[in-house]
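Asks: one predicted model, sequence on top.
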Amino acid sequence: MNDIYTYTVPLFIKTLGGLKNVLAKAEAFAKEKGMSEETLLADQLAPDMFPLSRQVQMACDNAKGATARLAGVEAPKFEDTEKTFAELQTRIDKTLEFVQSVPESAFAHAADRKIVLPYFADKYLTGFDYTREYVLPNFFFHTVTAYALIRKNGVNIGKADYTNNVNFRDL
């Protein structure tokens, strides 16, 4: 078992699956209430924060970028052109397809890999520090913010929708 893989890819898959379900509920809510998708997808928590649509794009970018960097493979490029719930769900599907295509074996040296980000070109993080200090906080920030924007608009969702079926076992 590879800890870097275990604490990234399965979490990306589970959390993006939950986000996809929450988006479906938001889409149904908007239709039921006569609210335009454009209005809901453009909503922000604060004026200097990304809107809902960009939060979803960023969650996907974090998952695919981290998977690629940690596995030492090329990430697919997605244009940020989604304007509907359906298009955002397709982006999640494409992200999941990529993330699931990278085998655990590709993460063999992920913890020690030197990760250089384009916006910090003169610095690097080890794969371990990148995962712990950058990837997971950023990924969860964007998914939680998307969830919060949807909830703020009155969609009947709860923590169980966000956690997407916790794997409790019988004693």
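Replies: Sure thing, it's come through. Numbers count the residues shown, from 1 in each chain.
Asks: how about the secondary structure of the nearest residue to residue 94 once chain neighbours are set aside?
Replies: Spatial nearest neighbour of residue 94, chain neighbours left out: residue 78 (6.6 Å); criterion: C-beta to C-beta, 6 or more residues apart in numbering. Placement of C-beta: from N, CA and C, glycine included. Three-state call for residue 78 (DSSP: H, G, I helix; E, B strand; the rest coil): coil.
Asks: and residue 78, how far is that from residue 37?
Replies: According to C-beta to C-beta, to the nearest Å, residue 78 stands 19 Å off from residue 37.
Asks: so those two - more neighbours on which side?
Replies: Applying other C-beta atoms under 10 Å to residue 78 and residue 37 shows that residue 37 carries more neighbours, namely 19 against 16.
Asks: that one: what's it in contact with?
Replies: 27, 30, 83-85 (C-beta atoms under 8 Å, 6 or more residues apart in numbering).
Asks: for those residues, which one is nearest residue 70?
Replies: Closest approach to residue 70 among the contacts of residue 37 (C-beta to C-beta): residue 85, at 29.6 Å.
Asks: what about the helices in this structure?
Replies: Remark: helices assigned in the chain by DSSP state H are 3-6, 9-33, 37-41, 52-71, 85-101, 127-129, 136-152, 159-163.
Asks: quick one on the thing from earlier: you'd agree the residue nearest to residue 94 is up against residue 61?
Replies: Yes - Residue 78 is in contact with residue 61 according to C-beta atoms under 8 Å; the separation is 7.4 Å.
Asks: joint contacts of these two?
Replies: Joint contacts of residue 78 and residue 61 (C-beta under 8 Å, 6+ apart) do not exist.
Asks: tell me the pLDDT of the residue nearest to residue 107 when sequence neighbours are not counted.
Replies: Counting by C-beta to C-beta, 6+ apart, residue 107 lies nearest to residue 5, which is 4.0 Å off, once chain neighbours are set aside. With respect to pLDDT, residue 5 scores 97.
Asks: got the contact list for residue 98?
Replies: 64, 67-68, 75-76.
Asks: again, only this time at 6 Å
Replies: 64, 76 (C-beta atoms under 6 Å, 6 or more residues apart in numbering).
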